[in-house]
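> Whatever this is, show me its structure:
(one chain, ligands or ions: 1)
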Amino acid sequence: MFHSFVEDASDSLRHHCGVVGISSDQEIDIPELLFYGLFSLQHRGQESAGLAYHRQGRIKSYRSVGMVTSALSHYLTDEHPCRVGIGHVRYSTQGANKLANAQPIVVSCSKGEIALAHNGNISNSRELQKKLVDEGSIFQSTSDTELLLHLIARSRQPTFREALIECLGLIEGAYCFLLVHDEKLYAVRDPHGFRPLVVGVREGQVLVASETCALDMFQARDIREVAPGEMLTVQGTRIGSEMLPLPKPARRAHCIFELIYFARPDSTVYARSVHMARKRMGEMLARSDEVKADIVIAVPDSGNSAALGYSAASGTPLEQGLTRNHYMGRTFIQPTVAMRESGVRMKLHPIREAIFGKRVIVVDDSLVRGTTARQIVRLLREAGAREVHLRLSSPPIRYPCFYGIDIPTREELISNRLDPAGIAREIDADSVRFLSLDLLRECVTGPENYCHACFSGTYPVPVREAR
Ligand code: SF4
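Numbering: from 1, shown residues only. All right, here's what the predicted structure looks like:
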């Protein structure tokens, strides 16, 4: 899967967000550092970026639509010395690319000024929101993130911290929250641990982020996961840790798709190297496959690690059969039908000399609607491939996600309509094969601690909202 205006409009899964937070024992230009952290997390959200920081007794914020560089650069021409701040990158999931839904959200309420950035999806948001609206609350955005702020504002608990803990007890689903209140940084991960969240330190600073790649950028050390159900309270470089009180123990449910596709390959997620996990998925895929071919190629960049593993396990040479134009980026232009047709050609280019006359195994991470795959197969055939075998390093996607990932409706998912042979016919491939769920689970440690609902339909947290 890869991002372009064409694919994002048609055939990719979207992550909702990435978050980063920094606390310092001295006044430094925190917004500038947040910019670098967000830049490392750009793959987690490309439609808006924002930051909020505590300066001279107030919370200041800036949000804009677009990629991190275009959204934030001009704001950072001035210095903003302060001790604490949070940042956010986002995909808009409500269709429109609304600035109102960009984060961090900043409010002033009975508990003082609060800034909030969220990665995830609150699965009981509709019923909580309806109750609040019935009681007179006015929501400014359609994002479920605002809900937590309403709950905090209405809490009768005497302090912000106690109100936050009380309100976290009311919400269900997947969340990593970063908050700024009163020159403190709060970082919370839901008790199931759906989304990754890590913390690390460097001289004079504490850093929290969605992925380790953002901390590596700062050469942070002592990096560890924020534990599921853990809340950190950071002031300067002092880190306080407490576990959220739970009525009953929560089952771990790490999103397995973070390892398959969402996270950056150089990150460590759920204590596992993302690249090594993907490589292993490719190896497992090869071991359960009998097809004979001359070369293995990846759909760059999403299939790179799995293709490496497939090649190593099968003994079939790895070639670079496709190059990717990295300069395309996202745009908000609505493509015409003609441009939609040539969208993949703008993004991916076959290397004819590597492909011509060859039996080709092409490896990607997953298949959503199948529209992009069909165009890739056509590109390879036009470049002279004798056979094209598509291999996916994940099982067929058949169910929606209620924990923060935007998956098309069941009717749109190609694997709900067709078996692999039918998919091969539809996309004009010689064969299509998926990694089985059992083999995928062999690629992670503690498979019982993962969510795989989009493959299996087994939802680790009850879903109340029909889709
Ligand atoms: S349903 Fe799929 S995408 Fe959603 S959290 Fe579970 S594994 Fe991740």
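> So what's the residue count around the residue in the stretch 201-350 of the chain that the ligand sits nearest to?
The stretch 201-350 of the chain approaches the ligand most closely through C255 (3.2 Å), counting by CB to the nearest ligand atom. C-beta coordinates here come from the backbone N, C-alpha and C atoms, glycine included. Residues within reach of C255, counting by other CB atoms under 10 Å, total 28.
> Touching, it and I407? I think so.
No - using CB atoms under 8 Å, C255 makes no contact with I407, being 11.9 Å away.
> Check whether the strand or helix carrying L440 comes near the ligand.
Take DSSP states H and E as the rule and L440 turns out to sit in helix 437-442. No - if you take CB under 6 Å from any ligand atom as the test, helix 437-442 misses the ligand, and the best it gets is 10.3 Å.
> Pull up the residues of the stretch 201-350 of the chain that are close to the ligand.
255-257.
> Sitting in helices, which of those residues do you find?
256-257 (DSSP state H).
> Let me know the pLDDT of the most far-flung residue of the chain relative to its centre.
Distance from the centre of the chain peaks at G357, with 37.9 Å (CA atoms, centre = their mean). Confidence at G357, expressed as pLDDT, is 98.
> That one touches G384, doesn't it?
Yes - assessed by CB under 8 Å, G357 is found in contact with G384 at 5.9 Å.
> returning to what we had before: let me see the contact set for the residue farthest from the centre of the chain.
Contacts for G357 were tallied using CB atoms under 8 Å, 6 or more residues apart in numbering; they are 384, 386.
> Please identify the helix or strand for it.
Applying DSSP H and E, one finds G357 in no helix or strand.
> So which residues of the stretch 351-467 of the chain form helices?
352-355, 371-382, 414-417, 420-427, 437-442, 453-456 (DSSP state H, counting those that start in this stretch).
> want to try CSV for the ones you listed, with mean neighbour count as columns?
Shown next, in CSV, are these (neighbours: other CB atoms under 10 Å):
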stretch, mean neighbour count
helix 352-355, 16
helix 371-382, 21
helix 414-417, 19
helix 420-427, 16
helix 437-442, 17
helix 453-456, 21
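> for those, which one sits closest to S210?
Comparison of the helices of the stretch 351-467 of the chain against S210 by CB to CB identifies helix 453-456 as nearest, at 19.5 Å.
> which other helices and strands contact that closest one?
Here helix 453-456 touches helix 437-442, going by 3 or more CB pairs under 8 Å, 6 or more residues apart in numbering; DSSP states H and E.
> Repeat the analysis, applying 10 Å as the threshold.
When contacts are defined as 3 or more CB pairs under 10 Å, 6 or more residues apart in numbering; DSSP states H and E, helix 453-456 packs onto helix 256-257, helix 437-442.
> any chance of those in CSV, plus mean pLDDT?
Putting the helices and strands packed on helix 453-456 into CSV (pLDDT from 0 to 100) gives the following:
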stretch, mean pLDDT
helix 256-257, 96
helix 437-442, 97
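> which of the residues in stretch 304-311 are buried?
304-311 (16 or more other CB atoms under 10 Å).
> nope, stretch 213-220 is what I was after
213-218, 220.
> From the residues you listed, which one has the minimum pLDDT?
Out of those, that is M217, at 93.
> my guess is that residue meets L34, correct?
No - if you go by CB atoms under 10 Å, M217 and L34 don't touch, sitting 11.4 Å apart.
> Correct me if wrong: L33 contacts L72.
No - applying CB under 10 Å, one finds L33 not in contact with L72, separated by 11.9 Å.
> Now for C255 and I407: what residues contact both?
Counting by CB atoms under 10 Å, 6 or more residues apart in numbering, the residues touching both C255 and I407 are 401, 453-454.
> Now for S137: which residues touch it?
Here S137 is in contact with 129, 131, 146-147, 150-151, 153-154 (CB under 10 Å, 6+ apart).
> how about CSV for those, with pLDDT and distance to the ligand added?
Formatted as CSV, the contacts of S137 follow (pLDDT from 0 to 100; distance: CB to the nearest ligand atom, whole Å):
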residue, pLDDT, distance to the ligand
Q129, 88, 21
K131, 88, 26
E146, 87, 22
L147, 91, 19
H150, 92, 25
L151, 94, 23
A153, 93, 29
R154, 92, 29
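> shaky segments in the stretch 251-400 of the chain?
Within the stretch 251-400 of the chain, the stretches with pLDDT under 70 are 328-342.
> quick one: the strands in it?
254-255, 268-269, 272-273, 295-298, 322-324, 348-350, 359-364, 387-392 (DSSP state E, counting those that start in this stretch).
> Which among these is found nearest to R417?
Closest among these, using CB to CB: strand 387-392, at 15.8 Å.
> Tell me how far the residue of the stretch 51-200 of the chain found nearest the ligand lies from H254.
Using CB to the nearest ligand atom, the closest approach of the stretch 51-200 of the chain to the ligand is made by F194 at 5.6 Å. Per CB to CB, to the nearest Å, F194 is found 7 Å from H254.
> more neighbours, these two?
Each of F194 and H254 has its neighbours counted (other CB under 10 Å); F194 has more, 30 against 26.
> can the longest strand along the chain be found next to the ligand?
Determined from DSSP state E, the single longest strand within the chain is strand 17-29. No - using CB under 6 Å from any ligand atom, strand 17-29 stays clear of the ligand, coming no nearer than 13.4 Å.
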